[in-house]
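Novice: pasting the structure only:
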């Protein structure tokens, strides 16, 4: 199976990924991997699979994806897998997802008594795609002589360190996001903000990013998250789908926009004060810029979420704004569907980031911070994908770090 | 032809082949190359039978009716005799039988979607053969 030429900066060796999975399967005596999570579908097929989908990875040979029949031809067209390895399911006799996949495992792969790895777990991210109880019981009933073992860790561990093609895709997604920020800044400058709503700001960014090559504003948190006025300062408020609220003088504006390029995700938040700004607002803004700058300088291989968090919160305490900080400075990111948790599932709380996870070179994560002062109706957000390097990090969005006062 | 032939008999098979070859052009069949086996369960007498079609570049090349295992086919549709008989007579639509789960299809569903209308054309021709069921 040939994939795109390696001179393509966005080339990913998907057959190699499959081989890596199969090596792990062999080590764990797994005959078939039955993946259902969106992150797994993206990582293996290189196609956007918005409908409930499954990937069947045999011990040897090519995987086969199953998705809703109305989208199967498109997925096959986008994927490196051919149409014989992207099949559609439908509510027809023999064609529903349980019957078709279990028949495929028994008859096409010849696995009638083997060990089947599946994906179960817990997620704060709604579209995660772990196997449901109904699916599990149905597959177990249809493959009654097989043993089912939870095997999500195989994909999770392999996907942590990003290859060059993946990182380049993330760089391009961030370049696209920066085009969205340029369009928003131009639109709101010189009084252009008057009468604009949060939803219109989201649309201005979306149009610019799509013109630059974004597929969609991928985030399930509302696409482009725009907040103005008191909504910027909601306690812990790291999720602000836009509303029809109009921008107003003397209030903050938070622009958190998202682009997707070849399943890599751009995610950068930039903040404004619609003038005139008070000294108190500018003080808050400077606090925010100071802690973001220090955080970006601190990220590198060898540190952990908890060590970085302690260091940053000590700084915020020293400067007198710790009470406005959400004490978290990161969230995970990967190809579409891989969001929030950092690293493998090895922390004190199942399926959450291990605070002692030690960052390694070429991990990609979102450097994320939320500064919120609800009592003063002001807040700021920072998000930017970063690549962990040996002694620094590479911030992928290049939009200048500042809180801009717009007149 | 006015005298009736028995469903799935050799005479019925011959009539199916003759009509399909004379009434369906490669253009009408979109020049497809495919094969489909219909597995009939609970046939009169208790046996299982199959009806097999092969089409090359839009021309019907093989129509087989027999007992036992059908030749390897791109699509396999399994159901009971009475249901297939009702479908052939136009009493029940095949897609309704598939949607109800009474027929079981094996094969690439995406390709099957493209062939659904062509299968209906085959069925309409078979339904015009005077047949005893």
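Specialist: Looks like it came in fine. Being a predicted model, the structure only gives us computed values, none of them experimental.

Novice: need the residues of the stretch 51-200 of chain A near chain B, please.
Specialist: Neighbours of chain B within the stretch 51-200 of chain A, by C-beta under 8 Å from any C-beta of the partner chain: A:69, A:72-73, A:76, A:83-84, A:86-95, A:99-100, A:103. The way it works is simple: take the backbone N, C-alpha and C, and place the C-beta from them, glycine included.

Novice: Tell me the buried residues within these.
Specialist: A:69, A:72-73, A:76, A:83, A:86-90, A:92-95, A:99-100, A:103 (16 or more other C-beta atoms under 10 Å in any protein chain shown).

Novice: So what's the predicted local confidence for residue 126?
Specialist: Assuming you mean chain A. Here the pLDDT value assigned to residue A:126 is 91.

Novice: Switch to chain B, please.
Specialist: The predicted structure lists residue B:126 with a pLDDT of 94.

Novice: residues in contact with it?
Specialist: Shown here is residue B:126, whose contacts under the criterion C-beta atoms under 8 Å, 6 or more residues apart in numbering or on different chains are B:16, B:19, B:88.

Novice: Could you pull up the contacting residues of the last one?
Specialist: Read it as residue B:88. Going by C-beta under 8 Å, 6+ apart, residue B:88 touches B:7, B:123, B:126, B:127, B:131, B:133.

Novice: Flag every residue of chain B that's near chain A.
Specialist: Taking C-beta under 8 Å from any C-beta as the measure of proximity, chain B contacts chain A at B:78-79, B:95, B:97-106, B:108-113.

Novice: What about residue A:231, how many residues nearby?
Specialist: Residue A:231 is surrounded by 21 other residues when neighbours are defined as other C-beta atoms under 10 Å in any protein chain shown.

Novice: correction: residue B:53
Specialist: Residue B:53 has 21 neighbours, counted by other C-beta under 10 Å.

Novice: I figured it hits residue B:32, correct?
Specialist: No: with contact defined as C-beta atoms under 8 Å, residue B:53 does not reach residue B:32; the gap is 11.1 Å.

Novice: among the residues of chain B next to chain A, which are in helices?
Specialist: Secondary structure defined by DSSP state H assigns B:95, B:97, B:98, B:99, B:109, B:110, B:111, B:112, B:113 of the residues of chain B next to chain A to helices.

Novice: Redo those residues as a markdown table? Include neighbour count and pLDDT.
Specialist: Converted to a markdown table, those look like this (neighbours: other C-beta atoms under 10 Å in any protein chain shown; pLDDT from 0 to 100):
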| residue | neighbour count | pLDDT |
| --- | --- | --- |
| B:95 | 14 | 82 |
| B:97 | 20 | 88 |
| B:98 | 22 | 87 |
| B:99 | 15 | 85 |
| B:109 | 21 | 90 |
| B:110 | 22 | 89 |
| B:111 | 18 | 88 |
| B:112 | 23 | 88 |
| B:113 | 15 | 84 |
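
Novice: Identify, from those residues, the entry nearest to residue B:64.
Specialist: Nearest to residue B:64 among those: residue B:112, at 20.3 Å, using C-beta to C-beta.

Novice: so that closest one touches residue B:75, yeah?
Specialist: Yes: with contacts counted by C-beta under 8 Å, residue B:112 reaches residue B:75, the gap being 6.1 Å.

Novice: list residues touching both of those two?
Specialist: Overlap between the contact sets of residue B:112 and residue B:75, as judged by C-beta under 8 Å, 6+ apart, is given by residue B:105.

Novice: Without its sequence neighbours, what residue ends up closest to residue B:57?
Specialist: residue B:31 (5.1 Å; C-beta to C-beta, 6 or more residues apart in numbering or on different chains).

Novice: Provide the backbone phi and psi angles at the one you found.
Specialist: Residue B:31 adopts backbone torsions of phi 60, psi 30, taken as degrees, to the nearest 10.

Novice: I'd like to know how far it sits from residue A:356.
Specialist: 63 Å (C-beta to C-beta, to the nearest Å).

Novice: before we move on, back to that, mark which of the residues of the stretch 51-200 of chain A next to chain B are part of helices, please.
Specialist: For those, secondary structure assignment (DSSP H) places A:69, A:72, A:73, A:76, A:99, A:100, A:103 in helices.

Novice: ok, the closest residue to the second one other than its chain neighbours to residue A:75 distance?
Specialist: Pointing back at residue A:72 there. Spatial nearest neighbour of residue A:72, chain neighbours left out: residue A:88 (3.3 Å); criterion: C-beta to C-beta, 6+ apart. Between residue A:88 and residue A:75 the computed distance is 9 Å (C-beta to C-beta).

Novice: how about the helices in chain A?
Specialist: Listed in chain order (using DSSP H), the helices of chain A are A:14-27, A:38-45, A:69-78, A:97-103, A:133-142, A:152-158, A:164-188, A:198-211, A:279-298, A:305-319.
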